[in-house]
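K.L.:
Would you be able to build a 3D model of this:
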Amino acid sequence: MEEPKRAFVSIYCKIFTDCFSLDMFNRVATGQEIYEFLMRDAGMCGDEDNNYEKIPGDCNIWYLGCNEKFGCLKYQDKTLSWDFGESSFVRVTIFIGMIYRDGVFTNEQFKSLFKKILEGSQINCMYDIKDYLIARREGRPWVKTERAGQFRTDMKGFVARVERHFQDEGFLFHNLPTVH
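P.N.:
Model prediction:
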């Protein structure tokens, strides 16, 4: 039996108080391991009406595409990173596409991941994932919230105000070149 292909990946995004799993941070993994990580519940959603019982289904891949802070997707020698307010499901699609193109993901894994990306893009804001999962559980249709269209811009504005405040206090900011 042929040994499964392995690849270097680093998958990370900053959510809440740094709650995103580090299980796929700077490691060599099989396509199956990467797939299982992306599809795995992040465990960040709890139902306040039910003693904060965990609401299953908030897969890791969704947080990569719709978080408000920053993150990085590395595959072999390629890096896809983002800053505050710049998350995107397009970037996540490119990431899984590179892995699939090299034969690390199977056709079925790629299709399944792509479907999750399409589903996540209908939510498009990490703060709406819980409400989406509750609506899905209750059989109610989901309508993308106004917040989903605005939260990235709001975060960029917040960061700009913080930077401006520090500059007003006399701090200097130096933009260093990105090294990949």
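K.L.:
Do a quick rundown of the strands in this protein.
P.N.:
Secondary structure of the chain (DSSP state E): strands at 6-13, 27-30, 46-47, 53-54, 71-75, 78-82.
K.L.:
for those strands, which one sits closest to Arg152?
P.N.:
strand 78-82 (9.9 Å; CB to CB). All C-beta spots, glycine's among them, are computed from the backbone N, C-alpha and C.
K.L.:
could the strands of the chain go into TSV alongside mean pLDDT, distance to Asp131 and mean neighbour count?
P.N.:
Output for the strands of the chain, formatted as TSV (pLDDT from 0 to 100; distance: least, CB to CB, whole Å; neighbours: other CB atoms under 10 Å):
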stretch	mean pLDDT	distance to Asp131	mean neighbour count
strand 6-13	96	20	19
strand 27-30	97	32	15
strand 46-47	80	11	14
strand 53-54	84	15	12
strand 71-75	96	22	20
strand 78-82	94	24	15
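K.L.:
Kindly reformat those strands as TSV containing distance to Asp128.
P.N.:
Formatted as TSV, these follow (distance: least, CB to CB, whole Å):
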stretch	distance to Asp128
strand 6-13	16
strand 27-30	30
strand 46-47	15
strand 53-54	17
strand 71-75	18
strand 78-82	19
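K.L.:
who wins for proximity to Ser21 among those strands?
P.N.:
Closest among the strands of the chain, once you apply CB to CB, is strand 6-13, at 8.6 Å.
K.L.:
Neighbouring strands of the closest one in the sheet, and parallel or not?
P.N.:
When pairing is defined by DSSP bridges, strand 6-13 lines up against strand 27-30 (antiparallel), strand 71-75 (antiparallel).
K.L.:
closest to Ile11 out of those?
P.N.:
Closest among the strands paired with strand 6-13, once you apply CB to CB, is strand 71-75, at 5.9 Å.
K.L.:
hmm, who's touching the closest one?
P.N.:
7-14, 20, 26, 64, 79-82, 87, 91-92, 95, 98-99 (CB atoms under 8 Å, 6 or more residues apart in numbering).
K.L.:
next one: that strand to chain centre, how far?
P.N.:
10 Å (CA atoms, centre = their mean, to the nearest Å).
K.L.:
Begin at 7, not 1, for the rest of this chat.
P.N.:
Sounds good: first residue 7 from here, last item strand 77-81.
K.L.:
got the contact list for the residue most central in space within the chain?
P.N.:
In the chain, the centroid-proximal residue (CA atoms, centre = their mean) is Leu70; its distance is 0.8 Å. Taking CB under 8 Å, 6+ apart, we find Leu70 in contact with 17, 19, 44, 77, 79, 93, 97-98.
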